[in-house]
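Enquirer: Sequence first, predicted coordinates after that:
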Amino acid sequence: PRKQPRLILGPDGGSLEDSVQDQIKGKLAYENDLFRVDGQLGYWVNDFEREGRSFLRDPSGATFTRGNIRVNDLVYTVPATAFGPQDGREEHLLSAITARTLRDRGWNVSTVASLYDIGEDVLRSSIATDANAQAGTIADGGSGRGWWNVDVQTSYRSDELPHTLTFGYYHSRYELGSKTYATSDWRRGARGALTAASQGVTTQRALYTQDAWKLAPSWTATAGLRFESWEASNGQRQRTENGAVVTARYADLDETAVSPKLSLAYAPGGYVLRYTVGHGVRFATASELFQGSQSGTTITNNNPHLQPEDSLSHDLTLETTLAVRHEVRVSLFHDDVEDSIAQQLNQTTNVTNIQNVDRVVTTGLEFVYKVKGLLPNVVIDANLSLVNSKIEENSALPVSEGKHWLRIPRARANLVANWAFRPQWNLNLAARHSGRQFNELDNSDVNSKVFGGTSQFTTLDTRLGYTWRERFELGLGVENLTNEEYYAFHP
């Protein structure tokens, strides 16, 4: 991506993957005149095998996978783990429930709760390139851990009062725990001595309130306030040195934040004009704070000193309907974020560092259009966003100042046409475009059309759908009809 010379020795041990994924998802709902309850359950299993493939050959023609090589009078060392194979299994369970009352006036109550359980997350790796070698490692990425959250909200609406009031409480907890063990048999052996581990917990609580005030028939003002507290605790990393486990414990952290919001809407009839300004905070995740790791030659450095992201956002939106069938929305937005949290991969050293970026400013324009009946039984949806997102200040990497922010394309557009050519049949054709974006804070990845880059692209997708008895749908689709080649790298 940086247009620098590099040696391509072959895909490493984690690159070539044979994966079998199974997913079961179910939804159940109950409703009467008083309330409605929705439940959802999802179960996902992924069994996979990975291997590497060296392009190197020794003088006899045999595949060379580790040791020293000489290229243009320079000596390079290929690590023994570079092409080592891996086996793994992931088993996750997601459950969620939503319950709410259905009164037209007066008080209503709603509750949303979800639980994500990592039942199993195990990766077995050989420490040698030869798949027949016995010794290896077992990495447990958090079996038995996960997260949960709950949001309880009550609202009041009355014909006698020009106010709609909302009060709520939010609580979430994320538990991180990962351990790596040595093993004498990387495929089937038991866990041996602990070689590395990381753990930590983050907890967030919030109280919030909102009042939508009908100032006049055409004017509505909405004011909101959110108070939240956040804690990070039990953070530590462990590693083995000279046969002994060394533990680095991190200090507990706690933060509080107050986030106000104000919105003013004018709706005289035929259109709505709305201005919104709000302050928001994003706290670091447990993995960003505590989960450093090393897998083969890939290293991730956690950062237990991350500051929360602090943003001030403005939005001006105009919505209208023209000639009955044309729906239009235009939005102008501006975000000013301090201490943005960035996960930055140095592709030269293969080390990922997590860090704060002092200030990022984003300004953009979004256009959304929908039309029905322009052609018989055809609905057309289109959207276009133009964004300028720049790093204004970054004391950790001054050369990045003035550069584009990570993985935000300058232009993005979608055009979708859906044709209901029969009562139960529909045909969908979609065009998608994503503009230039960067993966490096200093925008040094100037060559986007190689592995490690993120290309701009324009693709076409299509889908044919059949609906049976209004409850079941069968779909058949093709993505990237024109077979456009592009790269979408994510660290």
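Expert: Nice, thanks for sending it over.
Enquirer: helix/strand/coil for the residue nearest to Ala265 when sequence neighbours are not counted?
Expert: Once flanking residues are discounted, Ala265 sits nearest to Arg274: 4.2 Å by C-beta to C-beta, 6 or more residues apart in numbering. In this view, the C-beta of every residue, glycine as well, is placed from N, C-alpha and C. What DSSP: H, G, I helix; E, B strand; the rest coil gives for Arg274 is strand.
Enquirer: who touches Arg274 in this structure?
Expert: Shown in contact with Arg274 (C-beta atoms under 8 Å, 6 or more residues apart in numbering): 263-266, 315-319.
Enquirer: Which of those residues are buried? Put it as a PyMOL command.
Expert: Under the burial definition 16 or more other C-beta atoms under 10 Å, those of the contacts of Arg274 that qualify are selected in PyMOL by:
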select buried, resi 263+265+315+317+319
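Enquirer: So which of the contacts of Arg274 sit within strands?
Expert: Among those, DSSP state E puts 263-266, 315-319 in strands.
Enquirer: Model confidence for the residue nearest to Ala265, exactly?
Expert: If you check Arg274, the pLDDT there is 98.
Enquirer: Distance-wise, check it relative to Leu161.
Expert: Using C-beta to C-beta, to the nearest Å, Arg274 is found at 22 Å from Leu161.
Enquirer: lowest-pLDDT helix or strand in the chain?
Expert: strand 293-295 (a mean of 57; mean pLDDT, DSSP states H and E).
Enquirer: all helices of the stretch 151-300 of the chain, in order?
Expert: 286-290 (DSSP state H, counting those that start in this stretch).
Enquirer: where does it dip in pLDDT?
Expert: Counting by pLDDT under 70, the ranges of the stretch 151-300 of the chain that qualify are 293-299.
Enquirer: What strands line up against the strand or helix carrying Asn418, and which way round?
Expert: Asn418 is part of strand 411-422, with elements assigned from DSSP states H and E. Paired strands of strand 411-422, with direction, are strand 378-393 (antiparallel), strand 425-434 (antiparallel) (DSSP bridges).
Enquirer: and the ones you listed as JSON lines, adding mean neighbour count?
Expert: Listed next are the strands paired with strand 411-422 as JSON lines, based on neighbours: other C-beta atoms under 10 Å:
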{"stretch": "strand 378-393", "mean neighbour count": "17"}
{"stretch": "strand 425-434", "mean neighbour count": "16"}
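Enquirer: Tell me which of these lies nearest to Gly10.
Expert: Closest of the strands paired with strand 411-422 to Gly10 is strand 425-434, at 29.6 Å (criterion: C-beta to C-beta).
Enquirer: Is the residue of the chain positioned farthest from its centre in a helix, a strand, or coil?
Expert: Here the chain reaches farthest from its C-alpha mean at Ser60, the gap being 47.3 Å by C-alpha atoms, centre = their mean. Assigned by three-state DSSP, the conformation of Ser60 is coil.
Enquirer: Contacts only, for His163.
Expert: By C-beta under 8 Å, 6+ apart, the contact set of His163 is 156, 211-214.
Enquirer: I should have written Thr154 there, sorry.
Expert: Contacts of Thr154 by C-beta under 8 Å, 6+ apart are 107-110, 166-168.
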